[in-house]
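Asker: Structure for this input, please:
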Amino acid sequence: MLRITELKLPLHHADEELTAAIRNRLRITPRDLVRFSIARRAHDARIKSDIQLVYSIDVTLRNEAPVLARFKKDRHVQPTPNTSYKFVAQAPADYKGPRPVVIGTGPCGLFAGLILAQMGYKPIIVDRGKVVRERTKDTWGLWRKSVLNPESNVQFGEGGAGTFSDGKLYSRIKDPRHLDRKVLIEFVKAGAPPEILTEAHPHIGTFRLVTMVESMRATIEALGGEYRFETRVDGIDVATSEDGTRKVRGLHLHTGDYLEAEQVVLAVGHSARDTFAMLHAEGVYLEAKPFSLGVRIEHPQSWIDDARFGPNAGNPILGAADYALSHHAKNGRTAYSFCMCPGGTVVAATSEEGRVATNGMSQYSRNERNANSGLVVGIDPARDYPGDPLAGIALQRHWESRAFVAGGSTYAAPAQLLGDFLAGRASTRLASVVPSYKPGVYMTDLAECLPEFAVTAMREALVQFGREIPGYDHPDAVLTGVETRTSSPVRITRGDDFQSLNTAGLFPAGEGAGYAGGILSAAVDGIKVAEAVARAMAA
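Answerer: Numbers count the residues shown, from 1 in each chain. Down below sits the predicted model:
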């Protein structure tokens, strides 16, 4: 089989045109073509009046060798890569050795647990939150009634923060082993729509993620894995030898129980602030890491569709339009769009009382009224919070607390019209854009709950973004604050063996450890860490 890439056809092409394009590209007769399948489909919307679909096609020919020889210097006609997954180890069928422990059931912990279970190691998976259905009820409790459960919310519980998101399944990570394919295949087995295997920018949406997470839990349990929900890890037991070498030997649970463990995967997510503090106190090596903060910006989705797709706006093949924007401001800061959610909503994402944090979410249909995205500014430890590995957490908490007060101290979020934000005046009313944030917004001046450098960079960026996407800087657009949970503010640093630099048996993983950003990259990191655990156990 060979793969053709960058095969372009008009948006409204007929099915037979794709077959003809394949034959023309390879210069073959109809008899030479046995079959083909779509490996990937994207679109090129740079010319709004002439949007092109861009295909990668896997082709089976009667005689492949002469075709490959003819195109041996053409990088867009090559043998189809082998994307099948191969396990690095397999436990004996009657395995009764030490059981690895996975802390966290977000995408990283979920795939670490799944791979370990598929290799026969029967992992124990603990999570401080609840099963996904109960967690969903608690999350809606904050959105509808302003009642926060600090242990069960957008950040904590089965499925992790990714459950309440757009469900994007693409990333920019280098993946020569095609581990992302393993992730997508497992998602489809769990109930995801099959088109995620071919779409260039696949997504799932919250409701589908809920049922998929439940299905994957059932798979892990059927393979001998064990879940312990509503179980918070409050301490680690570390043995230190005479030469100073440290090794994990167990976990202290908030219930008072002790769990023996020689291999522990730390997939705790980017908001496990008390866990980061515990690890720091226990002497586990960690360091401050850059992250970003800002607001959520909302426009009517129709505005974005028109600006991006022109006369083709509303075409079902294209769906709801998205965007990615970045601007390096005069003050040396970079402002950029983050976690763009087409046809979605802005959601309350705090996990701590007396603080407000926002995020974005979409359903699979992406058919809500507004588009929303983070509008954030990058910050770094050396410049903004030096000297303490946990200083980034303190910075997040400071601005989340300011946002809580600016929003009226009720979990309503502070909000401002874009025009007022640019003019430096407080907003007192809404205009044509209706914000989606629940439990509600309080119109104010967002400069009260953002660093001055971020406000300056965002104002400059908004004007530039309006040049790139007409209407983006419309004065009626709504900014809702604050967005602080863009990524983990710490890195639990690991070595080439995926273990903590100074605590053997501890495997930092995923977004919370500073090694991923988003569902797909976190899941891929979970696979890599599970493989490292298996190698360590085999050794």
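Asker: which stretches of the stretch 1-150 of the chain form helices?
Answerer: Assigned by DSSP state H, counting those that start in this stretch, the helices in the stretch 1-150 of the chain fall at 15-26, 64-70, 107-118, 132-145.
Asker: Please work out which of those helices is packed deepest.
Answerer: When these are scored by mean count of other Cβ atoms under 10 Å, the highest mean neighbour count falls to helix 107-118 (a mean of 30). Quick note: C-beta positions are derived from backbone N, CA and C, even for glycine.
Asker: helices and strands around that helix, which ones?
Answerer: With contacts defined as 3 or more Cβ pairs under 8 Å, 6 or more residues apart in numbering; DSSP states H and E, the packing partners of helix 107-118 are strand 101-103, helix 179-189, helix 206-222, helix 519-538.
Asker: tell me which residues in stretch 425-445 are buried?
Answerer: 426-427, 433, 435-445 (16 or more other Cβ atoms under 10 Å).
Asker: How far off centre is that stretch?
Answerer: 27 Å (Cα atoms, centre = their mean, to the nearest Å).
Asker: contact partners of it?
Answerer: The contact list for stretch 425-445, computed with Cβ atoms under 8 Å, 6 or more residues apart in numbering, reads 142-146, 296, 298-300, 344-348, 358, 368-370, 372, 406-408, 410-417, 420-421, 474-478, 480.
Asker: Out of the residues you listed, which end up buried?
Answerer: Buried members of the contacts of stretch 425-445, counted by 16+ other Cβ under 10 Å: 142-143, 296, 298-300, 344-348, 358, 368, 370, 372, 406-407, 411-417, 420-421, 474, 476-478, 480.
Asker: count of neighbours near Pro290?
Answerer: Pro290: 19 surrounding residues under other Cβ atoms under 10 Å.
Asker: And it, how far from Gly517?
Answerer: Distance, Pro290 to Gly517, by Cβ to Cβ, to the nearest Å: 11 Å.
Asker: on that earlier part again, in strands, which of the buried ones among the contacts of stretch 425-445 fall?
Answerer: Among these, the members falling in strands (DSSP state E) are 296, 298-300, 344-348, 358, 370, 372, 413-417, 478, 480.
Asker: follow-up on the earlier one: mind checking the helices of the stretch 1-150 of the chain for the one nearest to Gly332?
Answerer: helix 107-118 (32.8 Å; Cβ to Cβ).
Asker: what is the mean pLDDT for that closest one?
Answerer: What helix 107-118 shows for mean pLDDT is 98.
Asker: so that helix versus helix 206-222, what angle?
Answerer: 30 degrees (axes from the mean of the first three to the mean of the last three Cα atoms, to 10 degrees).
Asker: ok, what's across the strand from the residue lying closest to Phe71 once chain neighbours are set aside?
Answerer: Nearest residue to Phe71 in three dimensions, chain neighbours excluded: Val77, at 3.8 Å (Cβ to Cβ, 6 or more residues apart in numbering). Judged by DSSP bridges, the bridge partners of Val77 are Ile4.
Asker: Tell me the spacing between Val77 and Ile185.
Answerer: In terms of Cβ to Cβ, Val77 sits 25 Å off from Ile185.
Asker: Same question for Asn359.
Answerer: Going from Asn359 to Ile185 by Cβ to Cβ gives 28 Å.
Asker: More neighbours: those two, which one.
Answerer: Counted by other Cβ under 10 Å, Asn359 and Ile185 do not tie: Asn359 has more neighbours, with 25 against 16.
Asker: Give me the below-cutoff pLDDT ranges for the chain.
Answerer: Residues of the chain meeting the criterion pLDDT under 70: none.
Asker: shouldn't Gly224 be in contact with Ile124?
Answerer: No: here Gly224 lies out of contact with Ile124, judged by Cβ atoms under 8 Å, at a distance of 10.3 Å.
Asker: Compare the two and say which is more crowded by neighbours.
Answerer: A count of neighbours by other Cβ under 10 Å puts Ile124 above the other of Gly224 and Ile124, at 21 against 15.
Asker: residues touching Ile317, list them.
Answerer: 11, 43, 53.
Asker: Quick check: the gap between Val213 and Gly109.
Answerer: Separation of Val213 from Gly109 (Cβ to Cβ) stands at 11 Å.
Asker: burial count for the nearest residue in space to Ala313 that is not next to it in sequence?
Answerer: Residue nearest to Ala313 in three dimensions, not counting chain neighbours: Asp305, with 3.9 Å by Cβ to Cβ, 6+ apart. Neighbours of Asp305 under the rule other Cβ under 10 Å: 21.
Asker: Check the one 3 residues further on too.
Answerer: Using other Cβ under 10 Å, Arg308 has 21 neighbouring residues.
Asker: nearest to Met537, of the contacts of Ile317?
Answerer: Closest to Met537 out of these is His43 (45.1 Å), distances taken as Cβ to Cβ.
Asker: Wait, that closest one touches Leu53, no?
Answerer: Yes: assessed by Cβ under 8 Å, His43 is found in contact with Leu53 at 5.5 Å.
Asker: Mutual contacts of these two, please.
Answerer: 11, 317.
Asker: mind listing the helices for the stretch 401-539 of the chain?
Answerer: Using DSSP H, counting those that start in this stretch, helices in the stretch 401-539 of the chain cover 418-423, 452-468, 519-538.
Asker: and of these, who's closest to His203?
Answerer: Set against His203 and scored by Cβ to Cβ, these come closest in helix 519-538, at 9.2 Å.
Asker: other SSEs contacting the closest one?
Answerer: Packing partners of helix 519-538 (3+ Cβ pairs under 8 Å, 6+ apart): helix 107-118, helix 179-189, strand 264-266, strand 506-508.
Asker: now the angle from that helix to helix 206-222?
Answerer: Comparing the axes of helix 519-538 and helix 206-222 via the same axes, to 10 degrees yields an angle of 10 degrees.
Asker: just how off-centre is helix 519-538 within its chain?
Answerer: Computed by Cα atoms, centre = their mean, the chain-centroid distance of helix 519-538 equals 17 Å.
Asker: Just the C-alphas of that helix, formatted as PDB.
Answerer: In PDB, the C-alpha atoms belonging to helix 519-538 read as follows (Å, rounded to 0.1, in the frame of the first residue of the first chain):
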ATOM      1  CA  ILE A 519      -6.100  15.400  25.500                       C
ATOM      2  CA  LEU A 520      -4.100  13.700  22.800                       C
ATOM      3  CA  SER A 521      -0.600  14.700  24.000                       C
ATOM      4  CA  ALA A 522      -1.500  13.700  27.500                       C
ATOM      5  CA  ALA A 523      -2.800  10.300  26.400                       C
ATOM      6  CA  VAL A 524       0.300   9.700  24.300                       C
ATOM      7  CA  ASP A 525       2.500  10.600  27.300                       C
ATOM      8  CA  GLY A 526       0.400   8.100  29.400                       C
ATOM      9  CA  ILE A 527       1.300   5.400  26.900                       C
ATOM     10  CA  LYS A 528       5.000   6.200  27.100                       C
ATOM     11  CA  VAL A 529       5.000   6.200  30.800                       C
ATOM     12  CA  ALA A 530       3.100   2.900  31.000                       C
ATOM     13  CA  GLU A 531       5.800   1.400  28.800                       C
ATOM     14  CA  ALA A 532       8.500   2.800  31.100                       C
ATOM     15  CA  VAL A 533       6.700   1.300  34.100                       C
ATOM     16  CA  ALA A 534       6.500  -2.100  32.400                       C
ATOM     17  CA  ARG A 535      10.200  -2.000  31.500                       C
ATOM     18  CA  ALA A 536      11.100  -1.200  35.100                       C
ATOM     19  CA  MET A 537       8.900  -4.000  36.400                       C
ATOM     20  CA  ALA A 538      10.400  -6.400  33.900                       C
END
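Asker: For Gly283, which three-state class applies?
Answerer: Look at Gly283: counting by DSSP: H, G, I helix; E, B strand; the rest coil, its state is coil.
Asker: which residues sit in contact with it?
Answerer: By Cβ under 8 Å, 6+ apart, the neighbours of Gly283 are 238, 246, 502-503.
Asker: Now Ala513: closest residue in space, sequence neighbours ignored.
Answerer: Leaving aside its chain neighbours, Ala513 sits nearest to Ile492 (4.3 Å; criterion: Cβ to Cβ, 6+ apart).
Asker: swap in Thr211?
Answerer: Distance criterion Cβ to Cβ, 6+ apart; nearest residue to Thr211, sequence neighbours excluded, is Gly191 at 5.4 Å.
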